[in-house]
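A.B. asks: Predicted model and sequence follow; I will ask about them next.
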Amino acid sequence: MTQSSLPALPNLDNLWQTTLGWQPTPEQTHLMERLYEEILEGNRQLNLTRITEPKEFWEKHLWDSLAGVFARFPQDCALNVIDIGTGAGFPGLPHAIAHPTSSITLLDSTRKKIHFLDRLIADLGIANAIALLGRAEQIGRAPPHHQKYDLALLRAIGTASLCAQYALPFLKLGGTAILYRGRWSEQEQAELESGLHQWGGAIAAIEPLKLPLTQSTRHCIYIEKN
Ligand SMILES: C[S@@+](CC[C@H](N)C(=O)[O-])C[C@H]1O[C@@H](n2cnc3c(N)ncnc32)[C@H](O)[C@@H]1O
């Protein structure tokens, strides 16, 4: 398949504005289109994502990645951000595009995904993102990364308690981890809260979100390092 025969992302710029109060620049819109194309291309060799239909990609990869951060952090803030278990670059890459003043580290333990991300970042010229190979439980203790980040993003890498244990060593005091969850139950919350104190964190907020096209429910769990 050539690039020109790939499906195109829908133009939903007005939905960015009405749901997140954000208007991407033409360059940012173009970068998100390129990101979509490169992931479709990469998917032909690597098992990167099952979300490939244009509207679903827009909603579940682009919008979902950005909504939880836009709710709490202004777009012009300069944050040091780590995306733990980034896979094909989510939620971190949409952040790198939408927040050019922040620095984003995309961490994953799978070598072929990191190779893919290295190429993708270079092809798209995303200067504020780097890909890093390693396991969260080791990299989080290493001096270049221990307590160095303002924000940690974790989507689809395990239970909420595991995510918190991965994230907290990376955060500076007062830093925030955002756990992207689907449904959220009292039982998950109780499990998370039972360990958080000893890991040095506390739940700062739990925000339900509705995806704008399918109206599916998501939750963002904000954990503050204390
Ligand atoms: C289901 S994918 C989710 C990818 C992406 N966050 C998303 O939401 O589309 C989980 C990713 O986490 C990575 N992973 C799992 N355990 C990890 C660990 N301990 N440290 C770093 N990466 C890990 C896997 O290699 C995989 O790419």
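C.D. replies: Structure received. Please read these numbers as outputs of a predicted model, since none were measured by experiment.
A.B. asks: from here on, contacts and neighbour counts on C-alpha atoms
C.D. replies: Noted.
A.B. asks: Just give the closest residue to the residue most central in space within the chain, not the sequence neighbours.
C.D. replies: The chain has P91 as the residue nearest its centroid, 1.6 Å off, counting by CA atoms, centre = their mean. Nearest residue to P91, sequence neighbours excluded (CA to CA, 6 or more residues apart in numbering): S65, at 4.4 Å.
A.B. asks: Within the helices and strands, which one has that neighbour?
C.D. replies: Assessed by DSSP states H and E, S65 sits inside helix 64-70.
A.B. asks: which other helices and strands contact that helix?
C.D. replies: Here helix 64-70 is seen to pack against helix 92-98, strand 171-181 when contacts are counted using 3 or more CA pairs under 8 Å, 6 or more residues apart in numbering; DSSP states H and E.
A.B. asks: need the next SSE after it, C-terminal direction.
C.D. replies: Following helix 64-70 in sequence, per DSSP H and E, is strand 80-84.
A.B. asks: hmm, who's touching that next one?
C.D. replies: 90-92, 102-108, 136, 148-155, 166-167 (CA atoms under 8 Å, 6 or more residues apart in numbering).
A.B. asks: now that strand and strand 171-181, what's the angle there?
C.D. replies: 40 degrees (axes from the mean of the first three to the mean of the last three CA atoms, to 10 degrees).
A.B. asks: so how far is the ligand from A96?
C.D. replies: 14 Å (CA to the nearest ligand atom, to the nearest Å).
A.B. asks: Count the neighbours of that residue for me.
C.D. replies: 24 (other CA atoms under 10 Å).
A.B. asks: Was I right to think it contacts A129?
C.D. replies: Yes - counting by CA atoms under 8 Å, A96 does reach A129; the two are 6.1 Å apart.
A.B. asks: shared neighbours of the two, anything?
C.D. replies: 103-104.
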